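Student: got a predicted model here, sequence first, then my questions.
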Amino acid sequence: MASHGLTYEGCNFLRQRLVLSALSGKRVKIKNIRSKDDEPGLRGTVLVYQPGLLYGGTVEHDCNPQRSIGYYLEALLMLGPFMKSPLKATLRGVTNDLTDPTVDLLKSTALPVMKKFGIDGEGFDIKVVKRGMAPGGGGEVVFTCPVRKTVRPVQLTDPGKIKRIRGVAYSVRVSPQMGNRIVESARGILNQFLPDIYIYTDHMKGANSGKSPGFGLTLVAETLNGYFLSAEMLSTPQGQGDPILPEDLGRNCAKLLLEEIYRGGCVDSSNQSLALLLMTLGQQDVSKVLLGPLSPYTIEFLRHIRDFFQIMFKIEVQKPLEDERKGGDKVLMTCVGVGYSNISKTLK
Amino acid sequence: MPFKKQKQHQQKHSGPKAEKKKLKKQNGSTEEDERKRNPKAFAVQSAVRMAKTFHRAQDIKTKKHHVPVVDRTPLEPPPIVIVVVGPPKVGKSTLIRCLIKNFTRQKLTDICGPVTIVSGKKRRLTFMECNNDINSMIDLAKVADLVLMLIDASFGFEMETFEFLNICQVHGFPRIMGVLTHLDAFKNNKTLRKTKKNLKHRFWTEVYQGAKLFYLSGMVYGEYQNQEVKNLGRFISVMKFRPLVWQTSHPYILADRIEDLTDPERLRTDPKCDRTVSLYGYLRGTHLKNKGQVHIPGVGDFQMSDVNFLPDPCPLPGTQKKRALNEKERLLYAPMAGVGGVVYDKDAVYIDLPANHVKQLQEVRPTTELVQSLIETHVTLDAKMAASKVSLFSGSAGLDPTDISEVQEGLREIHVWDAHTQTQRRKVVFTGLEEEEDDVSGSSSDEDDDGSDQENQEEEDDLSTFLKEVRDKSEKATKGSTPPVKKRKLEEMQGEEEVIAEAPAFADSEDELERGEADSEGEGEAERAGDSGHCSKESEEDSDDEEDGDEDDESMEEEIGADDSDEEEEQGKYHSGTFKWKEGLQQKASAAFLRHQEAAPNLRKLVYGSVVEAEDSEEEEEELGGLFRVNRPQKSKKVQADALDCSHFNPDISHNWELEEMLNSIRDCFVTGQWEEGQDAATLLKEDGKSSGGGAFCSLYSELKSESDEDETDDEDQQVKMDDEEVQKNKRLEKKRRLKERFDTEYDDGDATYFDDLKEEMQKQAELNRAEFEDMDDESRVQYEGFRPGMYVRLEISSLPCEFVTNFDPHYPVIIGGLGTSEGNVGYLQMRLKKHRWYERILKTRDPLILSLGWRRFQTIPLYHIEDHNGRHRLLKYTPQHMHCGASIWGPITPQGTGFLAVQSVSGVKANFRIAATGVVLDLDKSVTIVKKLKLIGYPYKIFQNTCFIKGMFNTVLEVAKFEGASIRTVSGVRGQIKKALSTPPGAFRATFEDRLLMSDIVFLRSWYPVSIPQLYNPVTSLLLPVGQKDSWSGMRTVGQLKHDLGVRNKPSIDSLYKPITRAPRHFNPLHIPKELQKALPFKSKPKLLQPKGKVPRDLKRASVIREPHERKVAELLRALSTVHHYKKKVAQRAHHAKHKEFLQQKEKDEEAKMKRMKDARKKLYRIMGQKDQKKQRSSLKGTPQDD
């Protein structure tokens, strides 16, 4: 059925297009992929994707070390619940880098978001088996996800107040003291707001420490209503730019968390598109979610959702009151789901 | 026989019985009372039994539960589809006519297509007659809410009735009401009663016990009796409906009006061209998204090119408090039957208006005019913009202002509202420029409901200025042109003009959009003002740049002008080193992206508003010297398109988290910050104290606190006392609510079950669904939700086959069924199938079968299979007789759990039951591999002990290698294994067996060969057939049919022919036992070697004796003497016998006497002994105490 293919240009938002194509069953054609570049990177500048069924099961993949596993995982999180059989994906490569959300971040924020949509169960987990920092990689992550036939509509409108802050300060192939230094400095800033802060130090050694040295911090703020906001910061990869002091890193990461809290909402900025996708795929009921300001990636995702599912979101800006001290503008996204049902799942 | 009237019962009014009764009545003997009065009767007799009864009660209770679903019925539901079904000549049309007359007081002579009427204050009905074609029956069963099943009682049930019932069962069971007609054919009352009862019970077994069956007794002047029709009408108007799974998850429309919009000129030149058709009808089921895919059963799959909603042609009356509808509100809408609209013939329009409706129509005229204008807009705003661009471009292509006016000539239609006939006419107009402009302005005013003149003015101004610019540009271009660059220039101009043509249009559209948004969302005026100011600034920039006249960046400007906010976002990543102004812009934009988003008057516009331009702008390309393209890697669009795919959201640089004020701005996000009024721990505590009032400390504390509060308020807010009171009141209310909530949770939760919770959740969701978009206007609401059920919509489909229009027959239903995500695709389907028990034949694998699945009817080739105990799916040649089997087909993707039915042919009417099979979709891929048995045969050519060489099974060594280790068997049952390939002959191999083979043995290998599913998906296009032949669709024929039609008969293999049996006489060799063995055998088993007795030789024979006469006499005498002696002896013996008998009797008698004597003696003796014993005992009893 050639009538309902979609055409795009350029390599950007490749994952969005592929994911939405796979879920909506619409064919997608991407033209002019870096057509002006001398090295387009692919063997050609056009990509045509004809979606089939999502099989799931046990998958292993050696990810390209140019992008971290988070890049792959972001797409996989969107597809995972709609497979034929429960997914168990083992991804190898870079677990933490600067461009993409790290595995730790996704584990602590994306999973709770999906749980709100009724995707949970014992087999729903992201496990960091080995950690591999940016240039070298060598990390390993196991993502398991159960299968759902339908997704529940949600009303995530009241984020509630932040009750605790947790975090992981990880370090590999550097002095284990780094972790403690990071924690110290991060606490210094966050303690102004909250006493309940606990940051784990995770120092991995030997085979589990990957190929490159590095350290980083992931901070997660949990609200009373069970929503998670997070921020992260990493050391610059070995041999790429100036090294960063762990104290600075801790401080900057804490500030990033404050920024994230300033943005606010029920879903943090890196999972906006995941939440919006799950809302779109919900039953034919109204779903609502309160977000911080929309990221450019999310805005493009909204456009893509409209292309693939003909779903438009009602976007209402909630401005803070005069005397309210709760950060910046919030955006209330409302939509009616398409009534998606997992067509890969077998009826017994 | 005369009845004797029985004596009536006379109630006693006085006397003791009456007194007793009165007393009983006064006291009231309720159950409770009885329990009290007689507690023993109600006591627990057996715990087990109690448990059992409790169990049973609970079972019955839970069985009544259905899985709760969210109630998604809209506030104004679409008319209920009532399908009237029955075999021909049963009175379908008459019934519809009577019902319509009953509800609307109008007479409809010809029932064509759906007829919609208003039946009550909250209910509308759409009647549709189902003809006797199985295609129509299948289609209508899928959309029906209520089925009126007409049954000719004088004839009994006909096959169609049962077929339709089975179709309904497969596609979700709508409400079914039976109607018995032709009851006046019965003259005898008893047979009538009997028939009614029989039919009723048969109907009940098919539908459900107690299903409603109506009796229409007789006809009066060709109509059913008024009272009966009225009763039926009442039943219909109070009927409740259950939600059906397929219907509630898919949007669908039963089209009640169809128009061909194809350009008449094209039709003239190519009468067989694909048609653009608009279909009208009420949307049912669920929300319909624009541009989605639909399936029209009997036609095929199509993409909707446009959807819009129209005012309801048959609206429900207002919400006045009245009991009944008045005459004006009893509307009737049936365009296909020529009522409430227009009848469209091929080349004429007929209008049919009843006299009593003219007045009413005039009253609503202004709105209908609006409707007409809406109907007129066959294209959307975007499409119009695109169209206007094209015309402008083609006008300026001649580089002459006069040419601009020369727009392509051709037939155009203008819709004219004819006030006299109350209809819209499509006038054919030859277009010139004036009309074009008129049209443009007209259409714009159409789009804009406000019809503001000012805007039109603006637009025209824009248009004129831009026309001027175009001219300027073209002049410039011609001046500077040199022959080699000419082509390039032309192309450039193309780009420019496209852009120019776009720009005002988009600006305009956005303004409108914006305004609509601002209005709808009710945002402040300030924002709007700010936005417009922003726009004007941009346009100023535009004009400045245009003065520069730089061709290269002009296009960029236009783009910016077109999508201001979007561009700002993109310019964050946009960096060009050549132009200074651009740098400035870029910096501005990148710095302010976030703030812009915050300040954006309309985030929606930022997200959705300007995607169309983005696509258009990519078309512009610059060329240099006609050969080389200017490669601009840093163009904003392209840069974004090829940027890094990353979801990271960079933080706002302007936020400095070192500053105290910044930190303060998020203080309240933490639990340590300040809480809201209602949630603050302190206030909660306080209120708790107040409400409980128990603890002295609490009350004291609260008093103190309240006093201090009051003091404060007195000090500060004396002038806003009124306000304060209100606040207080609100507070009180809030407190009350909270208390109630707490009370509820405390006391109600006790017996709330999981089911109740679920139901409540669904209820909440339903309320939210209703409330969320309630106060929006339909235009914007449609964009968010899609078109909601109950709306009257118009769909435009651009490529329908011409036969749909030319062969249109309103008696056949036109259903437009929306398809869900990926339901438009075709793939492999796994199903569970069972041959219908009423279908007479079994189905053969690979025989084409027509399935009705989802909305579709299609022909496909199924493969039947069954799962063996080891999980293998074995191909079946035929479906099992009374069992489910698997079926795999190539067909449209349909969600799992959808039911389907199969028929072998849809053409003609057969006497037999036509539904061949029913089933359900299980899976949507090829995960099941179907295999069939394959036996490879080989022959031994060399036999060793248990090993032998086998040839003829394979052809190459490679094939053997693949099967190494496979088990093989001979026909006689000797098992073995393939060992290794042999080099010669190719394909031979060594195998070992459990026993020695013979050269005559045949060796075979049992293997399983996967079967591929044939990819036939052939939609049944019954609606495209000529009128009158619509029930004669035939697709691919089965092999059997083909052979029958072509007269081909298979030559049977000679081996399988029957021959007369000739049996050769069997010859058995004699049994030979070795001599040694014979010797060892026991005599019994020894072969008996005796010869049969031969003739006795002469010498061994004895001679016969012949007596002398004397000797004979002696012998005679001796014999006589012995006879006498014998007699005497006998007599003597008899006498002796008698004597002995007598003696024995005597002896017995004596014996008896003796025995008697002895008995007496013994008796006497024992008696004496007994007495002695007694005496002894007595004496001992007496004696013992003395001894002690």
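Tutor: Okay, I see it.
Student: so whatever residue of the stretch 101-250 of chain B ends up closest to chain A versus B:I816, what's the distance?
Tutor: Relative to chain A, the nearest point of the stretch 101-250 of chain B is B:S249 (5.7 Å; CB to the nearest CB). No exception for glycine: its C-beta is placed from N, CA and C like everyone else's. B:S249 is 16 Å from B:I816, where distance means CB to CB, to the nearest Å.
Student: compare those two (neighbour count), which wins?
Tutor: Between B:S249 and B:I816, counting by other CB atoms under 10 Å in any protein chain shown, B:I816 is the more crowded of the two (24 against 19).
Student: show the contacting residues for that one.
Tutor: B:Y252, B:I253, B:A255, B:L279, B:G281, B:V294, B:H295, B:I296, B:L795 (CB atoms under 8 Å, 6 or more residues apart in numbering or on different chains).
Student: for the closest residue to A:G210 other than its chain neighbours, list the residues it contacts.
Tutor: Nearest in space to A:G210, with sequence neighbours left out and distances taken as CB to CB, 6 or more residues apart in numbering or on different chains, is A:G132 at 3.1 Å. Applying CB under 8 Å, 6+ apart to A:G132 gives the contacts A:R92, A:G93, A:V94, A:T95, A:N96, A:G138, A:G139, A:E140, A:V172, A:G210, A:K211, A:S212.
Student: can you classify B:M953 as helix, strand or coil?
Tutor: Recorded secondary structure, B:M953: coil (DSSP: H, G, I helix; E, B strand; the rest coil).
Student: wait, isn't it in contact with B:L936?
Tutor: Yes: the pair B:M953 and B:L936 qualifies as a contact (CB atoms under 8 Å) at a distance of 4.9 Å.
Student: of the two, which one has the most company?
Tutor: Neighbours were counted for B:M953 and for B:L936 using other CB under 10 Å; B:M953 has more, 21 against 16.
Student: show me the contacts for that one.
Tutor: Contacts were defined as CB under 8 Å, 6+ apart; by that measure B:M953 touches B:L936, B:I937, B:G938, B:G987, B:F989, B:V1003, B:L1005.
Student: and the buried ones among those residues, selectable in PyMOL?
Tutor: To isolate the buried ones among the contacts of B:M953 in PyMOL, judged by 16 or more other CB atoms under 10 Å in any protein chain shown, type:
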select buried, chain B and resi 936+938+987+989+1003+1005
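Student: okay, the contacts of B:M953 in JSON lines with secondary structure, pLDDT and distance to chain A next?
Tutor: Output for those, formatted as JSON lines (DSSP: H, G, I helix; E, B strand; the rest coil; pLDDT from 0 to 100; distance: CB to the nearest CB, whole Å):
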{"residue": "B:L936", "secondary structure": "strand", "pLDDT": "95", "distance to chain A": "33"}
{"residue": "B:I937", "secondary structure": "strand", "pLDDT": "95", "distance to chain A": "38"}
{"residue": "B:G938", "secondary structure": "strand", "pLDDT": "95", "distance to chain A": "39"}
{"residue": "B:G987", "secondary structure": "coil", "pLDDT": "92", "distance to chain A": "38"}
{"residue": "B:F989", "secondary structure": "strand", "pLDDT": "96", "distance to chain A": "37"}
{"residue": "B:V1003", "secondary structure": "strand", "pLDDT": "96", "distance to chain A": "40"}
{"residue": "B:L1005", "secondary structure": "strand", "pLDDT": "95", "distance to chain A": "32"}
